[in-house]
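Chemist: sequence and predicted structure below; questions after.
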Amino acid sequence: MKISIASGKGGTGKTTLSTNLSAYLTEKSTVVLADLDVEEPNSGLFIQGKLVNTEDKYKMIPEWKEEACTLCGLCQEVCNFNAVIRLGTQIMVFPQLCHSCYACSELCQSSSLPMISQKIGQISHYKRGKLDFVESRLDVGEEQAVPLISQTIKYIDQHFSQTRFKIFDAPPGTSCPVIEATKDSDFIILVTEPTPFGLHDLKLAVETMRSLNKAFAVVINRYGIGNDEVLEYCQNEKIRLLAKIPNSRRIAELYSRGELVFNQIPEMAQALKDIEDYLLKLSAKVLS
Amino acid sequence: MKEIVVISGKGGTGKTSITAAFAVLAGSDIVLADCDVDAADMHLLMKPDFAQKETFYSGETARIIQNNCTSCGKCLEVCRFNAISIIHDQYIVNPLSCEGCGYCARVCPTETIVNEIPKIGEWYISKTRTQGTMVHAKLNIGADNSGKLVAKVKNEARQITENLGKEIILIDGSPGIGCPVVSSLSGASFVVLVTEPTVSGLHDLIRVCQLIKNFNLPAGCMINKSDINPQKSKEIMAFLNENNIPLITELPYNEQFSAAMTMGKTIVEIEDKQLSELIAKAWNTITNKYV
């Protein structure tokens, strides 16, 4: 079963929940955690497992071969992303803008734009105890997260078909990277905080999950700050509240050092147990 | 005209709260631009009036006109994004998967595929509750092309700044290192990095610093919640030092940030002298020393 941990707003505790929940679940279940927040992957700072495999990941881009090119300009005309431009007697390719659609390459009459691979990031597979952890890291300077996210999910599909819980630490926001990370998940946990920013971005995240027809529930982090509006919103919208993690400077301090917190904070362990109970019931249903 | 861009790499470091506090301090001296268009929050603190509203169209999405389709399958064959599927013998485009490359329409022998330019969001020009001018936007759910909307917001802000004869645009950027961030950094005069002394804060700071180094942009850093891990704060300062990035200020961990937010205010407007003074000093340093 695939479970994405997402949030509209950044910094609400997505990574804290992903890492702690994954480690907690390994006591009873097989678990793989994948960090799909490829622009800023942080889960690895808390897992620190033993590296078992790395793979460079690529996207395909056209490369100009001057010899047979007639400079007809069709490549520039068909590229909707301004990634291929004819400048005088040169064809220039801008890899960052290329979406790898192959149109310029395959429509070129003289086959002057063969596709070649370009590295965009790296997947690293770690083990910590029983937990498998897969980190996906976009190279700085690459602007598109989506191709790397989809390849990471493919890696998970290939290597962990028998694993009970596949937990995805999703990127923040509601735009294309989040859609890519969550679109084939069975269940989504939305993490929020009880503040006006938290509520506003939770509403956007809920709207996103509803538009994707996803089953989802909410976890409130830093419960105790702000106000009750997130609680009221969940009640009014009949959204299941899975757990409340209390606001605690102690949790913030443990987090700041890269430590998992559930062994040291009983309230966190309780919240994780509540989530586990629900997920076990759900997975029995999904897997049957 | 100078552009001050506030970014953080990691979300939740206090970037928007601090930017809004700067905006309140600066009042009508500046033009404010919220370029964190995916889950924009600045309006919750600045209460803009949405006086002018424009729809933003960008990119393309393919649509198959059913009655002309001969089901030849060419579109499905060329699409690299699995955006075309056959449902009940009909070829259908899934708009969430379509990247808008236009390849399918180009190879369709009966010209039955049209490319439509989708509405991906809205942008606004507003007066804020503190009488400043603010340009902001709302990106639609699941929309592609957030970088283009960011560029639109920035260009409008530049135009207005010039028309009003102002000197400074204050820009709230987005988290991460991807296209919306790159877009908000283009043309920056000075970058304010907001971080926190956590393993993630430092990790993400290092990545955004690599990015701004690629663009050769001058930057300074603010460490928020600095007393939550003094050791990590020291590590951040050492990193800044090595990279010749000045430390603008350190702010202590303070739950008044959330309390202010709950009142729809910024930290400099509620009773917390220490924080207010630190932020006012930081704003002065940025505008007088660095910009």
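Modeler: Received the coordinates, thanks.

Chemist: give me the domain ranges for chain A.
Modeler: Chain A is divided into the following domains under automatic domain parsing: A:2-58+A:121-287, A:64-113.

Chemist: quick one: pLDDT of residue A:276?
Modeler: With respect to pLDDT, residue A:276 scores 98.

Chemist: so it versus residue A:243, what's the distance?
Modeler: Using CB to CB, to the nearest Å, residue A:276 is found at 10 Å from residue A:243. Every C-beta, even on glycine, is put in place using the N, C-alpha and C of the backbone.

Chemist: the two: which is more packed in?
Modeler: More crowded of residue A:276 and residue A:243, by other CB atoms under 10 Å in any protein chain shown: residue A:243, with 23 against 17.

Chemist: was I right about that one contacting residue A:274?
Modeler: Yes. The pair residue A:243 / residue A:274 is scored as a contact, 4.8 Å apart, by CB atoms under 8 Å.

Chemist: SS state for the nearest residue to residue B:137 once chain neighbours are set aside?
Modeler: Spatial nearest neighbour of residue B:137, excluding adjacent residues (CB to CB, 6 or more residues apart in numbering or on different chains): residue B:123 at 4.0 Å. Three-state assignment for residue B:123 (DSSP: H, G, I helix; E, B strand; the rest coil): strand.

Chemist: is stretch A:61-81 anywhere near chain B?
Modeler: Yes. Against chain B, stretch A:61-81 shows contacts by CB under 8 Å from any CB of the partner chain at A:78, A:80, A:81.

Chemist: list the buried ones in that stretch?
Modeler: A:61, A:62, A:63, A:64, A:69, A:74, A:75, A:76, A:78, A:79, A:80, A:81 (16 or more other CB atoms under 10 Å in any protein chain shown).

Chemist: and if you look at stretch B:103-119?
Modeler: The neighbour-count check on stretch B:103-119 (16+ other CB under 10 Å) flags B:103, B:104, B:105, B:106, B:107, B:108, B:112, B:113, B:115, B:118 as buried.

Chemist: now do the helices in the chain.
Modeler: All of this refers to chain A. Taking DSSP state H as the test, the helices found in chain A are A:14-25, A:44-47, A:74-78, A:103-107, A:146-159, A:176-182, A:196-211, A:229-236, A:249-256, A:266-287.

Chemist: was after chain B, sorry
Modeler: Going by DSSP H, chain B shows helices at B:15-26, B:42-46, B:74-78, B:103-107, B:146-164, B:179-185, B:199-214, B:230-242, B:256-262, B:273-284.

Chemist: so residue 56 bridges to which residues?
Modeler: I'll assume chain A. Note on residue A:56: beta-bridge partners residue A:122, judged by DSSP bridges.

Chemist: if you could check chain B rather than the one you did, that'd help
Modeler: Beta bridges link residue B:56 to residue B:121, judged by DSSP bridges.

Chemist: give me the distance between the nearest residue in space to residue A:44 that is not next to it in sequence and residue B:10.
Modeler: Excluding the flanking residues, the one nearest residue A:44 by CB to CB, 6+ apart is residue A:135, at 4.6 Å. Residue A:135 is 16 Å from residue B:10, where distance means CB to CB.

Chemist: and the most centrally placed residue in chain B, backbone torsions?
Modeler: Nearest to the geometric centre of chain B sits residue B:36, at 2.4 Å (CA atoms, centre = their mean). Backbone geometry at residue B:36, expressed as degrees, to the nearest 10, gives phi -90, psi 70.

Chemist: neighbours around residue A:111, how many?
Modeler: As a burial measure, residue A:111 scores 11 neighbours (other CB under 10 Å).

Chemist: show me the contacts for it.
Modeler: Neighbouring residues of residue A:111 by CB atoms under 8 Å, 6 or more residues apart in numbering or on different chains: A:65, A:68.

Chemist: thinking again about what came up before, got a list of what the residue nearest to residue B:137 touches?
Modeler: Contacts of residue B:123 (CB under 8 Å, 6+ apart): B:53, B:54, B:56, B:135, B:136, B:137, B:138, B:149, B:152, B:153, B:156.

Chemist: for residue A:228, which non-adjacent residue is spatially closest?
Modeler: residue A:194 (7.1 Å).

Chemist: my guess is that neighbour contacts residue A:220, does it?
Modeler: Yes. If you go by CB under 8 Å, residue A:194 and residue A:220 touch, sitting 5.7 Å apart.

Chemist: tell me the residues on the stretch 151-291 of chain B that lie near chain A, please.
Modeler: B:174-180, B:182, B:196-201, B:203-204, B:207, B:210-211, B:214, B:225, B:228-229, B:232, B:253, B:255, B:258-259, B:261-262, B:264.

Chemist: buried residues in stretch A:19-37, which are they?
Modeler: Buried-residue list, stretch A:19-37, by 16+ other CB under 10 Å: A:19-26, A:29, A:31-37.

Chemist: got the CA positions of that stretch in PDB?
Modeler: The C-alpha trace of stretch A:19-37 is given here as PDB (Å, rounded to 0.1, in the frame of the first residue of the first chain):
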ATOM      1  CA  THR A  19      10.600   9.400   9.200                       C
ATOM      2  CA  ASN A  20       9.100   8.600  12.700                       C
ATOM      3  CA  LEU A  21       6.100   6.800  11.300                       C
ATOM      4  CA  SER A  22       8.200   4.700   8.900                       C
ATOM      5  CA  ALA A  23      10.600   3.700  11.700                       C
ATOM      6  CA  TYR A  24       7.700   3.000  14.000                       C
ATOM      7  CA  LEU A  25       5.800   0.800  11.500                       C
ATOM      8  CA  THR A  26       8.800  -1.500  11.000                       C
ATOM      9  CA  GLU A  27       8.100  -3.100  14.300                       C
ATOM     10  CA  LYS A  28       5.100  -4.900  12.900                       C
ATOM     11  CA  SER A  29       5.300  -4.400   9.100                       C
ATOM     12  CA  THR A  30       7.700  -4.300   6.200                       C
ATOM     13  CA  VAL A  31       8.200  -0.600   5.300                       C
ATOM     14  CA  VAL A  32      10.000   1.400   2.600                       C
ATOM     15  CA  LEU A  33      10.300   5.200   3.000                       C
ATOM     16  CA  ALA A  34      10.900   7.200  -0.200                       C
ATOM     17  CA  ASP A  35      11.800  10.900   0.000                       C
ATOM     18  CA  LEU A  36      10.200  12.400  -3.000                       C
ATOM     19  CA  ASP A  37      10.800  16.000  -1.900                       C
END
